[in-house]
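A.B. asks: This is a predicted model, with the sequence first.
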Amino acid sequence: MLPVDWPTLGVYSVTAFAIVISPGPDTLLILRYTLAGGRRVGIATVIGVQIGIVVHTAAAIVGLALLIVSLPMVFKSIALVGALYLAFLGVQSFRAGIFSVDTTVGV
């Protein structure tokens, strides 16, 4: 006998299936860069995403999260560096014109 009833197992299975088949942010990032830049850029994006996953997994394995939680100063430092990096990316985006508005549409 199952430790859970059939209706609960059915709802869980449908939900799990929907989560597994839906594209995540990594998939959408790879798709975006591949369509915009071609195959070579897409492959470079895949490699970058995979390196990020490996680094995150390695950090989890060595217990970096426990270190960060136990030392609040380390957490705040990492958060500050991350915020500065995001601000830098935002400034670069504006300078590159990524967020420019096309005023010729419909004219």
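C.D. replies: That came in fine, so what should we check first?

A.B. asks: mind giving me the domain ranges of this structure?
C.D. replies: 7-62, 71-98 (automatic domain parsing).

A.B. asks: For stretch 41-60, list every residue counted as buried.
C.D. replies: Using 16 or more other CB atoms under 10 Å as the test for burial, stretch 41-60 gives 42, 45, 49. (C-beta placed from N, C-alpha, C; glycine too.)

A.B. asks: I'd guessed the first one sits against residue 29; true?
C.D. replies: No: the pair residue 42 / residue 29 is not scored as a contact, 10.1 Å apart, by CB atoms under 8 Å.

A.B. asks: picking up where we left off before, got JSON lines for the buried residues of stretch 41-60, with pLDDT too?
C.D. replies: As requested, these are arranged in JSON lines below (pLDDT from 0 to 100):
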{"residue": "42", "pLDDT": "94"}
{"residue": "45", "pLDDT": "95"}
{"residue": "49", "pLDDT": "95"}
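
A.B. asks: Of those, which belong to helices?
C.D. replies: In helices, judged by DSSP state H, the following of these are found: 42, 45, 49.

A.B. asks: The nearest residue to the first one once chain neighbours are set aside: neighbour count?
C.D. replies: The reference is to residue 42. In space, not counting the residues next to it along the chain, residue 42 is nearest to residue 34; the distance is 3.0 Å by CB to CB, 6 or more residues apart in numbering. By the measure other CB atoms under 10 Å, the count of residues near residue 34 is 17.

A.B. asks: Helix, strand, or coil at residue 34?
C.D. replies: helix (DSSP: H, G, I helix; E, B strand; the rest coil).

A.B. asks: For the top helix by length along the chain, the averaged confidence score.
C.D. replies: Assignment by DSSP H gives helix 72-96 as the longest helix of the chain. Mean pLDDT, computed over helix 72-96, is 91.
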